[in-house]
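Q: No sequence on hand, only this structure:
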């Protein structure tokens, strides 16, 4: 049974995956820390995790811990990690009581000596229903009121919000308002006016409208390297460069030179020395490094070419995937904010602080 019923808390939910829960949570945590000082965080059920000290920890819990130094045990910030066979095992032998107990204990430890706790959900309100821990179930278990995050627009976001609201209402969980994320800046006033009207008709309050920031949807070279299971071949700079464009090196050398601009990544096999020579010449001449080079097909460069690559002002990474496959992976990459994305994190904190009404949220609690 949940012991801590006194520490203020809020549950950040969404109408679907990748609507901006983590972005909203990052911004709200920064604002809450300024207001309260001692703030805790928990993502009770996580689906994307990393292994830390032999424990499976949700990626979002890791970023919150590293950015805000919350002084909470990571294992309590991420009590349940949904592994690939988690659902099958649960359906074979239900262990709901044990899972609920784990969530309750984790929350109590996270909330210990804290002035506020931010709880982050996973996907839409029904995600997790198959193992009886939907976001609506979990919010009820934590005795938390909910903020729903949805994406830019009027009709579809409100339709989806109403559907999610119905599931929270069925579980007896109060939704205190809605944040609309990823709104085109030129439509900000229009969306704000009409979404507010539409939500009010459904008994919901608009808590904020956040403008779309293209940089937040663009991956860093580090994120690309992780997705491609690539290794750093040469380069002393961290892989924090933001990538705006990916180019496949399948053209002539002179054409390649015109494409090598800042924030561009070029994917090219190491045996295309004509293109690699053009890249080194272009960067030396313009003194404008690109974001990085990705050597495909696991082809190692020759000794002389490796020497040239070492002199480049950008990182060079190598992957076993061919150029087309590598480009496809990057194209389909779901961009998640990472702990070392300092530029993005600062921007997130600024836009959430400016565009979300924290006082309305706190007053509703």
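A: On my side now, so go ahead. Because the structure is a prediction, the values reported are computed rather than measured.
Q: Can you give me every residue that contacts the closest residue to residue 273 other than its chain neighbours?
A: Among residues not flanking residue 273 along the chain, residue 305 sits closest, at 5.8 Å (C-beta to C-beta, 6 or more residues apart in numbering). From N, CA and C alone the C-beta is placed, and that goes for glycine too. Neighbour list for residue 305: 270, 273, 276 [criterion: C-beta atoms under 8 Å, 6 or more residues apart in numbering].
Q: Secondary structure element holding residue 305?
A: helix 303-310 (DSSP states H and E).
Q: show me where pLDDT drops low in the chain?
A: For the chain, no stretch is flagged by pLDDT under 70.
Q: domain assignment for it?
A: Following automatic domain parsing, one gets these domains for the chain: 9-214+338-364, 221-331.
Q: How far away from the center of its chain is stretch 83-95?
A: Offset of stretch 83-95 from its chain centre (C-alpha atoms, centre = their mean, to the nearest Å): 26 Å.
Q: Check stretch 154-164 too.
A: Stretch 154-164 has its C-alpha centroid displaced from the chain centroid by 22 Å (C-alpha atoms, centre = their mean).
Q: begin at 59 from here
A: Fine by me, first position is 59 from now on; the one you just mentioned is stretch 212-222.
Q: List of residues touching that stretch?
A: 71-74, 182-184, 206, 208-209, 236, 238, 249, 252-253, 256-257, 260, 262.
Q: So which of the contacts of residue 363 wins on neighbours?
A: In terms of neighbours by other C-beta atoms under 10 Å, these top out with residue 334 at 26 neighbours.
Q: Please tell me how far that one sits from residue 302.
A: 21 Å (C-beta to C-beta, to the nearest Å).
Q: Same check on residue 241?
A: Taken as C-beta to C-beta, the span from residue 241 to residue 302 is 21 Å.
Q: More neighbours: which of the two?
A: Higher neighbour count among residue 241 and residue 302: residue 241, with 22 against 15, using other C-beta under 10 Å.
Q: surely that one meets residue 271?
A: No - applying C-beta atoms under 8 Å as the test, residue 241 and residue 271 come out as separate, 10.4 Å apart.
Q: returning to what we had before: following the helix holding residue 363, which helix or strand shows up next?
A: In N-to-C order, the element after helix 361-368 by DSSP H and E is strand 374-376.
Q: so what strands line up beside that following strand?
A: Strand pairing for strand 374-376, determined by DSSP bridges: strand 289-292 (antiparallel), strand 350-354 (parallel).
Q: Which residues does the last one contact?
A: Applying C-beta under 8 Å, 6+ apart, the external contacts of strand 350-354 come out as 279, 282, 286, 288, 291, 293, 297, 299, 301, 323-328, 334, 337, 359, 367, 370, 372-377, 379-381, 384.
Q: Among these, which lie within strands?
A: Residues of the contacts of strand 350-354 located in strands (DSSP state E): 291, 323-327, 374-376.
Q: just to revisit the earlier point, of all the contacts of residue 363, which comes closest to residue 162?
A: Distance ranking of the contacts of residue 363 against residue 162, using C-beta to C-beta, places residue 328 first at 54.1 Å.
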